[in-house]
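Undergrad: Could you work out the structure for the sequence below:
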Amino acid sequence: MKKKRRSLKWILLIVFIVLAATAGVAFTRMNSAPPTIDESSLATVERADLARSVVATGVVEPISNKIEIRSKASGLVTSVQVDVGDRVVPSQVLVELDRDQILAQKREAEANLLAAKADVEAARAEFDRGRILAEDFDVELARTNHQRSMELLEQKLISRSAFDETEGRLREALNRQRAAAAAIGVAVAAIAQRKARVAQFQAVVDRMEEELSFTTIRSPIEGIVLSREVEVGSAVSSILTMGAGATTILTLGDMNDVYVKGKVSETDIGLVEIGHPARITVETYKDKVFKGSVYKIAPLGEEEDNVTSFEVRVSVENPEGLLLANMSANAEIILEEHTDVLTIPEGAIIYDDAKETYVEVPDDTNRTGRRRVAIALDISTGTRAEVVSGLSEGEKVILQ
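TA: Residues are numbered from 1 along each chain as shown. Alright, predicted model coming up:
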């Protein structure tokens, strides 16, 4: 009986030792297992196109022509033949102004011109009459008669009174000749004066015809109507009298060639160069990217809200005419672009005190479940960075 009790005690002791050992091993394994990493904290090393860029925000403008149409004539609008968005060609009629007053002035000027031309003809007639009178035919006849009467008087064939009569006729002829000669000069001056009046009234007629042409306002370019400022019945002032204060009738623009007029901060402007390519996006076409390039950088910055920025102009290809004036646009100016390179999120990068770069990758053999790997980087976009060495496509990295 004692032997059975002693055997039972040994059996129980052995079972207890085995259970304790098993529990100890299990406890040790539980404490030594590496911590699991949540999938949301992991990112994959992927191939992609990466570009380092600067964004210029602004609006779309015509690159070559944006013209405000003003009138050379004053008056009321009688016809508007285009509207906003219409395409126009050179010499196309845009707007017609009232012509009645100018037509009345032209008719008056034409009547004055006809009267002035008649005065010229009258002066020429006076000149011809004076020229005939100034010829010496009458004087020669009177001189011949007087000479004959002198001979007859010596022969006492005529009376003294008859002789005196021929002498008086000769003097009258001489006086008429001198008066006609003087009148010729006056007639020449009168012709010149009346010709000047003809030229004066002709100039008035020409001016009226020109002003009539001003009442028809035509397009100087091929383009699109960007804005329309008048309606039928609107009063229009002349740019010839009002200058820059004259009424703006329409605004035209050539939208075949457009540019984005944007601003770049002074911290980035030193990176931008003429000729840099750009990708342009607008709110209207969110899924469409337009191509362009930088063609102008302002040398003078503008300060606003204590921030200095520089105007940058990016020409844009617009063959379909989709981009319209004053559309808000973002121009991503490409400073450097690499295609089909390994990339990782910048949130996975670790920098040490020496500015060396690392990432952490999952590692089940490590007590912490992760392992630090040294990497070399190239360009960065601010969200993703190019990995030159240290990682392979498809590897997982841990976001910090």
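
Undergrad: Just the local confidence number for the spatially most central residue of the chain, please.
TA: Nearest to the geometric centre of the chain sits Lys66, at 3.5 Å (Cα atoms, centre = their mean). Listed pLDDT for Lys66 reads 77.

Undergrad: Gly253 is in contact with that one, correct?
TA: Yes. The criterion here is Cβ atoms under 8 Å, and Lys66 meets it with Gly253 at 4.5 Å. The C-beta positions use only the backbone N, C-alpha and C, and glycine is treated the same way.

Undergrad: before we move on, the earlier item: distance check, the residue nearest to the centre of the chain against Glu346.
TA: 42 Å (Cβ to Cβ, to the nearest Å).

Undergrad: helix or strand for Arg207, which one?
TA: helix 160-214 (DSSP states H and E).

Undergrad: Leu335 now?
TA: strand 328-345.

Undergrad: same thing with Gly394?
TA: Short version, using DSSP H and E: Gly394 is in no helix or strand.

Undergrad: For it, give me its contacts.
TA: 44-45 (Cβ atoms under 8 Å, 6 or more residues apart in numbering).

Undergrad: Looking at it now. What's its pLDDT?
TA: Looking at Gly394, its pLDDT stands at 92.

Undergrad: and it, backbone torsions?
TA: Here is the backbone geometry of Gly394 (degrees, to the nearest 10): phi 90, psi -20.

Undergrad: Likewise for Ile221?
TA: According to degrees, to the nearest 10, Ile221 has phi -140, psi 170.

Undergrad: For Lys66 and Gly253, list the residues in contact with both.
TA: 226, 325.

Undergrad: okay but Val88 is in contact with Leu252, surely?
TA: Yes. Using Cβ under 8 Å, Val88 is in contact with Leu252, at 6.5 Å.

Undergrad: what residues go with each domain of the protein?
TA: 46-61+256-398, 65-98+215-253, 101-212 (automatic domain parsing).

Undergrad: Export those domains as JSON lines, with columns for distance to Ile17.
TA: Shown next, in JSON lines, are the domains of the chain (distance: least, Cβ to Cβ, whole Å):
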{"stretch": "domain 46-61+256-398", "distance to Ile17": "29"}
{"stretch": "domain 65-98+215-253", "distance to Ile17": "95"}
{"stretch": "domain 101-212", "distance to Ile17": "123"}
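
Undergrad: Kindly state which of those is positioned closest to Glu39.
TA: Between Glu39 and these, the shortest separation by Cβ to Cβ is 9.4 Å, and it involves domain 46-61+256-398.

Undergrad: Please, where are all the helices along the stretch 251-400 of the chain?
TA: Remark: no helices are assigned in the stretch 251-400 of the chain by DSSP state H, counting those that start in this stretch.

Undergrad: Equivalent analysis for the stretch 1-150 of the chain, please.
TA: Under DSSP H, counting those that start in this stretch, the stretch 1-150 of the chain gives helices at 2-32, 100-134, 137-154.

Undergrad: what helices or strands is the longest one leaning on?
TA: Right, helix 100-134. Where contact means 3 or more Cβ pairs under 8 Å, 6 or more residues apart in numbering; DSSP states H and E, helix 100-134 is packed against helix 160-214.

Undergrad: if you set the cut-off to 10 Å instead, what comes out?
TA: Where contact means 3 or more Cβ pairs under 10 Å, 6 or more residues apart in numbering; DSSP states H and E, helix 100-134 is packed against strand 75-80, helix 160-214.

Undergrad: returning to what we had before: was I right about the residue nearest to the centre of the chain contacting Lys261?
TA: No. Lys66 is beyond contact range of Lys261, at 11.2 Å (criterion: Cβ atoms under 10 Å).

Undergrad: returning to that earlier point: comparing the helices of the stretch 1-150 of the chain, which yields the minimum mean pLDDT?
TA: Looking at these, the bottom one is helix 2-32 with a mean of 59.

Undergrad: Do I have it right that Thr383 meets Gly347?
TA: Yes. Counting by Cβ under 10 Å, Thr383 touches Gly347, with 8.5 Å between them.

Undergrad: Between the two, which is the more surrounded one?
TA: The neighbour comparison of Thr383 against Gly347 (other Cβ atoms under 10 Å) goes to Gly347, with 14 against 10.
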